[in-house]
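J.: Got a sequence here, can you build the structure:
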Amino acid sequence: HKTFTIGGNLYITSVSREDEFNSYKCQIRNSLTNDILFSSTSGKLIITGFSFSPNYCTVRLVKIENGRNAYLPCIAHGFPVPHYRWYRKSSEREQIEYVNIDSGRTYVIARTGILVIRNVSKSDSGQYICVVNNSEGEDKMSFDLVVKASLSVIVETSAQRIEAGQEVTLSCVVKGFPVHTTYWVKNMKTINTSTHRVKLTASKFLHIAKVERQDHGCYQCFAVGDENESAEGSVCLYLSENAPKLKETFKKHIINPSDRLSLKCVASGNPLPTVTWTIDGGRELPLSERNKVFENGTLLILDTHRELDEGTYVCEAINHKGEKARRDLHIQVLKKPVITPFYFPQSLTEGMRVMITCNVLTGDAPIVFHWYKDNKTLDSFELDVQKTEVTDMGSTLVFRSISKKHAGNYTCVASNKIGEDRLTATMIVKVPPKWRIEPNDKSVVVGDRVTFDCQADGYPSPLIRWKATTVVRLFVHAQAKFKSNFQVIKVRKGEPLKIMCEAFGEKPIDIKWIKDKIEIDSIVERKRLTIARKETIDGAISELISLVASRSDSGSYLCIASNPFGQSELTSRVLVEEVPDEPSDIKIVDRGSKSITFKVTPPYSGNSQINKYIVQWKRENDSWSADTFKNEFNANLHQFTIENLRPFVKYNFRVFAVNAIGQSKSSAIITVTTDEEVPETAPVSIRTEALSSKSIRIKWKPPRHIENIGSISGYYIGHKINHSNKQYTFTTVEAHSDKPLEFTFDNLKKATSYVFTIQAFNSKGAGPLSPEVVCRTLDKDPPLAPKLKVISSSATSAKLKWILNEDANHITGKCYFFVFYALNLLCSSFLTAAEMSFGYSKGRKRFRIFLRSNNDWKLHETISDGTLTSYTIHSLKCGTKYQIYLIAFNEVGSSERSEVLSFQTDGLAPVAPDKQSLMTVNSTYIMLHLSSWKTNACPINNFVIQYKQQGQNEWILLSNIVPPFVEDFLLNDLYPGVWYNLLISAHSDAGSTEAEYLFATLTEKGGTVAPIFINPSSEEHRSRRFIQMLLPITSVFIAVLLIVIFVLFFGYKRNNGLSSVQYLGDNLSQKCDNISMSSAKVVYETVQKDERTSVYCPSPYAATQMSVYFQDNNSRDIAVSAHDNCYDMPLL
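T.: Reported below is the predicted structural model:
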C-alpha cells in the first residue's frame, strides 16, 4: 500500500497503526555513476483518530515531451479515505468535461488519485482538475499539462533561381509545438511587408508579386516556442542573367537654340548593363560642361547650339559579356521666323490702291504665312484682295480699290516647325458723307408725337444740320380709343354676366376680345359666351355676354379697338363671387394638455372677403352631430386656440370659412392628440414576492384616473435595505401595454428585508411616491441548472453524464430527472411512466429526466441519489430519435432545465429477403419462412400478410399481427397453376418495410406455369397504389382529430387537481391509445380462431419510417422511399 510518485513523493494508502512505528528516509541513485545517497533526515507518520476533510499539496504545472507518459499526482489525505474524480477544462468551449478513464490510454492508479495518460499528444494539453471528497467535505486541485515537441523549420519555395518580374512564394513549414510566433528576415534584416508587392499571409507565407533585382538574397523563417526555444529555416533566391534590354527610350526632337534638352534611356538586364551616349557615330558624351550623363542613363544638354548639338545621338547598353542594346535619334536645332515691321499709308480714301508686304528677316524654312483681319482669317474673295507669297521671304496683300469695308487691323503670322512670329498694322479709310435715311412726308394721329429722320454715314462721322432746303407734309388723324383703360365688374355665381366696351375714333373700328392671351372668338368658350356689336356716331360698342356666370369666368378680359391710325385697350376685371373654398393649409402651432392652437392659411375667398372661421371638434371615436363643439373666430386673426380639452385625448377637428355669400365645405379632418400631464397619484396594488435569497419580484397597477393626465411612460422603482439611512436606489422600468407591470431585483443580500416604493412618470415628469412596501429575501435557493451530456446509446438505453453548477448559497435538497417521450410503435401499447413520489428529503438532491421522440415531453424517470453524476436510462425504443433535458430541485424549488440534447438509439427498419429465401411453393399452398427477414439490429414486432390473385384489385388480409417468433407461416387454400401477388410488411420500432412478391402455384401435376409480363405503370397498378396511399392517410387524419378532441376535453376536466408534472404526464398519456398485454393476447387468440375477423389498432401519425419493396419473377427491386407515416391497419 505504498506508492512512489513521479516527483519522488511517497504515498501511503490505508494507513494503519503499524505504519506509525516506522521511520522513512529518501534514497536517490545516479543513473550514470550508480552512486546512492540517503536523505539526511527521516520522517515519521503520526496517526490521528478524528475525521477531517481532505486537503492537498500545491497546484502544479506539468510539462512533458510528446509521446511520453504523463503522471498527474493528485495526492490528498483525509479521513475517511477520500474519493477521487478527474475533470478536464476545455479551452475552446470553456466547459469542464469528465475525464474518461476507461479509454485504455487514460487511467487512475488505484487508491492514489494519480492520473496517468499514456503516449501524450498535443490534444492532451490543457487544465485538469482533480476533485476529492469524503463525508466531511470536498476539495479540488488543478494541473496545467503542457505537451511539447521540439521545433524544426523548413522553408519551401517553387524555385530558387527566378527571372525578374516573376512571382514567388516562400512557405514556412514548422514542426513541433507549442509555437507562439513566427517571423521572417532577409539577410538578417527585417522585411518590409507593408508594400503591395511584398505581402505576408498567415505569418507563414511570404509572397513577392513581381521580383526585382534587390529581392535576391537569403530568406530566414524563425519559429519561437516556450522558454525561448526557437528554430530556423532558410532559402536563398538567385536572379537569372538576362541580356540588356532598353525599357524606356526617346522620340525625335526639334528644339530652339538655347533650349534645355533631356533624353532618358532606361535599360534592364542581369547583371545590370552600363549605359553610354555618343553623337554622330563616335564622340562619347559628355563633351563639355553643357552635357551631363547621369547614372540612371539620362542625358542633359544645357543651352543648345545648332553648330555643336545638332546631330544623331545613340544610347547603348552593354553588359560584361559584351551583349548590347542600342537606340538612336536625330536632334534638329531650328530658328523661328522674325517679321520686319510694316505700315499702311495714313491718308487713304475710297477708290485708292495700296499694297503691303510682310517680310521675314530670319528663320529656317519651310515658312508658312497666314493673314488675319480683325482677329479673323482674311477672306480675300469677300474683301476683293489679292494675296501673293514670295517663297520663304514674305507675303504681299494688294488692294486695287479700297473702300470703307477694308478699314481694320491686319495681322501677318509667319511660322515654321519650331515657332511663329506675328505683326499687326491698321488701315484707316476716309469716306465722304452719304444719306443713310433721307427725310420724307409723315402722317400722324392727333396728339401723337412726330419724328422726321435725317441720318448720314461717312468717315470721319458727318455733322448734321437742319436747313430749309425742302418741304415735307404732315397729316393728322383720330385713332381708336376708350374713355378709360380699366373697369371692375362683380357678379354672383349663377347670375348673367355682361361686359361692355365703347370705342371712339375714325371708322372703320375693329373690336376684339382676349382672355389669357387667347382671342375669345377662337376658343371653345365662344359657345358659352355671346358677342354683340352696334355702331355709334363717334365709334362702336361691343358686349360680351354669359347667361350663367361660373368661377372660370373670373379673370381679366382685354377689349382691343383698332383702326388704320392706331389702337387702344380696355381691361375689364370680372369677379364672380361665391362661397369660399374649404381651408386646406392648417398647421398646429402649439399643442398643450388642454388646448390646441391652429394657424390657417386663407383659402380661395370666392372673390368675397372671408369674415370668419368656424371650428368644430369631437373625440376621435364620436360622430359629428348638431351638438358637436364649435367656436367662431375672426378671419383677420388667422390663428386661434381651442381650450377646455382633456389631456392625452385624440380629437378630430374641421374648419369652415365664411364670407358674405355663405359658408364653405369643411376642411379635411385633422387628428390631434393633446399633450399629457404629470401623474397626480401613485401606483396602487403593490405586491412583493421573494423569489430566492438574492431576488425579489414586485408587481403593481397603474395610478387611478390615468385618463385625467394621459399616458404613463414608465415607473421609477426605488429600493433600499429596511431601516437604513441611505437614499433609495431607483430603477427605471418602461411601461408596455402587452407586458405585465412587474420587475425582479437581483443580486440582493441573503435573508435581508428591503423596502420598496414606486412612482409613475411620463414625458412631463414624475408623480408622487407610493407607500412603502417591505419584503425579505429567502434564506435558501433552488439549485442551478445542470449541464447534461449524452455519453453513449444502444438500442434500448442511453448513458448520461452531467455537472451541477453550485454557487456559494447552494442549498442541498432533492434533484429529479425527467424524460419525456412518445413511442412510435405501429401496434403496441404506449409505455407510461411509473408512479413517482414528489416529496423530498431535506439534505438530499434529486433529478428529473424528461424525454420525447415527438412534439410532447414526458417525465421518464426520477433519480433520488443526488450524488450521481452519470446515469443510464432504459426502456427506450430502438432506432428512435429522442430529445432529453434534466431538472434538479430541492425543498426550495426546481432549477431551470438543462440544454435540450438530441440522440438516436441504434437500429434500422427490417430488410426484406429475396423470393427464394422467403417462400416454398406447392400446388395449393406456400410456406412463408418469416425467419428469413433480417432484423437490422432492431427486433421485429409483427408481420402483416396480404395476398390476391394476379389482376384483382382487392387484397385479402391474412393477418396483421403475426408475432415475430413465428418462423414459418402457411398460406393455403390456393388454386393450382395460378399467379398470385403477395404483400408482406414487417414492423419494428425503427420503422416498417413492405415487400411485394409475384409467384405462381404449381399445377396439379407439379408443373410450373408460364411467366407473364407485368407492367408496373399500368392503370391497374397505379389505381391500386393510389388507393393504398389514400386510405391510410384518411384514416390517420380522422384518428388524429379524434385524439385531439379527446385530449382537450379530458385534459381540461383533470387540470385543477394535478400538479404541473402530473398534468403534463396525463396529457401525454391521453394522446395515445393504451393496449394492455392481456388485450394483445386476446387479439392474437382471435386470429387463431377466425381468420376473417377484423381488429384495428391505432398508432401515432408520422411515427414510423417505412421502406417499400416490389419484386417480380426477375427479382427486380423497386425501392420506394416513404415518409415517416404510420397507418391504421386491420387485424385478423
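J.: what's the nearest residue to residue 66 once chain neighbours are set aside sitting at in phi/psi?
T.: Counting by CB to CB, 6 or more residues apart in numbering, residue 149 is the residue found nearest to residue 66 once chain neighbours are left out, at 4.0 Å. Glycine gets a C-beta too; all of them are placed from N, C-alpha and C. Here is the backbone geometry of residue 149 (degrees, to the nearest 10): phi -140, psi 140.
J.: What residues sit buried inside stretch 492-500?
T.: 493, 497, 499 (16 or more other CB atoms under 10 Å).
J.: Figure out how far it is from the centre of its chain.
T.: Remark: stretch 492-500 is offset 68 Å from the chain centroid, using CA atoms, centre = their mean, to the nearest Å.
J.: For residue 317, give me its contacts.
T.: Applying CB atoms under 8 Å, 6 or more residues apart in numbering, we find residue 317 in contact with 244-246, 265, 267, 269, 273-275, 297, 324-326.
J.: State whether it is indeed within a strand.
T.: Yes: counting by DSSP: H, G, I helix; E, B strand; the rest coil, residue 317 is part of a strand.
J.: residues touching residue 1009, list them.
T.: So residue 1009 contacts 977-979, 1000-1003 (CB under 8 Å, 6+ apart).
J.: ok, 6 Å please
T.: 977, 1000 (CB atoms under 6 Å, 6 or more residues apart in numbering).
J.: what helix or strand is it on?
T.: For residue 1009, there is no host helix or strand (DSSP states H and E).
J.: For residue 951, see how far away it is.
T.: Distance from residue 1009 to residue 951, counting by CB to CB, to the nearest Å: 14 Å.
J.: returning to that earlier point: does the residue nearest to residue 66 touch residue 179 like I think?
T.: No: the pair residue 149 / residue 179 is not scored as a contact, 9.7 Å apart, by CB atoms under 6 Å.
J.: Which secondary structure element is home to residue 1035?
T.: Assigned by DSSP H and E, residue 1035 falls in helix 1019-1053.
J.: In terms of helices and strands, where is the closest residue to residue 367 other than its chain neighbours?
T.: Excluding its sequence neighbours, the residue lying closest to residue 367 (CB to CB, 6+ apart) is residue 392, at 4.5 Å. Remark: residue 392 resides in no helix or strand, with elements defined by DSSP H and E.
J.: coming back round to it: how about the residue nearest to residue 66, what does it touch?
T.: Per CB under 6 Å, 6+ apart, neighbours of residue 149: 66, 176-177.
J.: Who wins on neighbours among those?
T.: residue 177 (19 neighbours; other CB atoms under 10 Å).
J.: Against residue 119, how distant is the closest residue to residue 536 other than its chain neighbours?
T.: Once flanking residues are discounted, residue 536 sits nearest to residue 502: 7.1 Å by CB to CB, 6+ apart. Separation of residue 502 from residue 119 (CB to CB) stands at 128 Å.
J.: ok, now residue 203?
T.: 30 Å.
J.: More neighbours: which of the two?
T.: It is residue 203, of residue 203 and residue 119, that has more neighbours when counted by other CB under 10 Å, with 15 against 11.
J.: can you pull the contacts of the closest residue to the more buried one other than its chain neighbours?
T.: Distances taken as CB to CB, 6+ apart place residue 182 nearest to residue 203, at 5.1 Å, with adjacent residues excluded. Going by CB under 6 Å, 6+ apart, residue 182 touches 172, 203, 223.
J.: host element of residue 182?
T.: Here residue 182 is assigned to strand 181-186, by DSSP H and E.
J.: I'd like the next helix or strand past that strand.
T.: Next along from strand 181-186, by DSSP H and E: strand 189-190.
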